[in-house]
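K.L.:
got a sequence here, can you build the structure:
(2 chains)
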Amino acid sequence: MAKKSRTAPEINASSMADIAFLLLIFFLVTTTIASDKGLSIRLPPKQDQQQDIKLKERNIFKVLVNSNNQLLVEGEYMGIDNLKDEAKKFIMNNGQDPESSESPEKAVISLKTDRGTRYDVYVKVMDELKKAYNELRAERMGITVVQLLAIENDPKQNDKNERLKQVRIEIPYQLSEAEPSDTGGN
Amino acid sequence: MAKFAKKPKALPAISTASLPDIVFMLLFFFMVTTVLRETDLLIMNRLPAATQLQKLEKKSLVSYIYVGKPRDTGKYGTEPRIQLNDVLALPRDIVNFVFNEKADRAEGERDMLTMSLKVDREAKMGIVSDVKQQLREANALKVNYSTTGR
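P.N.:
From the prediction side, this is the model:
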């Protein structure tokens, strides 16, 4: 009788690579890399629940965007590139200019768009206004905007950073979006 | 005369034994970093670009609303439409959609639901503000405009 061989026969592993490649290609094709980033806002509650708050005219920074995607800032036509600097000047006025805001805590930016405004223009305006606030906050904290965003996007640091909390109270992000009106183009 | 060993003529074959390991490593990388596509998009969806981005933290507490020009323009026309889950919808359907999305979440987490608006960059603000009004109606006030980085 033939003796059984003591060592088990080796399994041929050369096809393993092929199998793994097949799986790899399957996952490459069926998946998309998630891009869950964006501009966060908080909508105001329903209209009948809120009461009107009286604000001084000088503390409101009015931004209007019409259906031709043109900006009207504080009654004057303006290019989108100047919006950030103008907003920063308004927020940090601290009562110097009698036409501009009294203090960063009281400064409110009011944004009104038309039904015909393009969405990417609206996002660009929101981004510029957010950038104005972020630059002021970063300056107050003595860091760069990139570092500020890194802290905000890190859940471990976001709520615990005392300086960030402080600066959020000093320079609050107050953007009010006007109730939409049904005028203008589609 | 000294003896010199002759060089072997044929190069030794490169061992491919570690190839499966490398491929598996790549495979696991892609498995971990990617998510399966949840819905089939019926609309064009090219997101606008922005710089001051915030990450959405809890994926389980995010629902998506898509807005854009329909892909099948012969069937649905060229005006931007709203897509909820797998169907094109009207603004008034959003309240119901939010209600259903909230019902799927645990009771304590319902108020933390974030609506991610994935709006095509060529859409107009008219349809976006319709969506926003309906979200206010449905009391889903946390909104994120989904954008790409620059």
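
K.L.:
all helices of chain A, in order?
P.N.:
Counting by DSSP state H, one finds helices in chain A at the ranges A:16-30, A:80-91, A:119-141, A:145-152, A:155-158, A:162-170.

K.L.:
hmm, the last one in reach of chain B?
P.N.:
No: residues of helix A:162-170 are not located near chain B by CB under 8 Å from any CB of the partner chain, the shortest gap being 13.4 Å. All C-beta spots, glycine's among them, are computed from the backbone N, C-alpha and C.

K.L.:
and the helices of chain A, which is most packed in?
P.N.:
Highest mean neighbour count among the helices of chain A (mean count of other CB atoms under 10 Å in any protein chain shown): helix A:119-141, with a mean of 21.

K.L.:
is it anywhere near chain B?
P.N.:
Yes: contact between helix A:119-141 and chain B, assessed by CB under 8 Å from any CB, occurs at A:119-120, A:122-124, A:126-127, A:130-131, A:134.

K.L.:
other SSEs contacting that helix?
P.N.:
strand A:37-42, strand A:60-65, helix A:80-91, strand A:108-113, helix A:145-152, helix A:162-170, helix B:125-137 (3 or more CB pairs under 8 Å, 6 or more residues apart in numbering or on different chains; DSSP states H and E).

K.L.:
quick one: which of these is nearest residue B:47?
P.N.:
The minimum distance between residue B:47 and these falls on strand A:37-42, with 8.2 Å, by CB to CB.

K.L.:
please pull out the lowest mean pLDDT helix or strand from the chain.
P.N.:
Answering for chain A, as no chain was given. strand A:31-32 (a mean of 67; mean pLDDT, DSSP states H and E).

K.L.:
chain B was what I was after
P.N.:
Within chain B, no helix or strand scores below strand B:35-36, which has a mean of 66 by mean pLDDT, DSSP H and E.

K.L.:
so where's the chain shaky on pLDDT?
P.N.:
You didn't say which chain, so I picked chain A. Applying pLDDT under 70 to chain A flags the ranges A:1-5, A:31-35, A:47-51, A:181-186.

K.L.:
try again with chain B
P.N.:
Those would be B:1-3, B:5-9, B:35-38, B:150, if you go by pLDDT under 70 across chain B.
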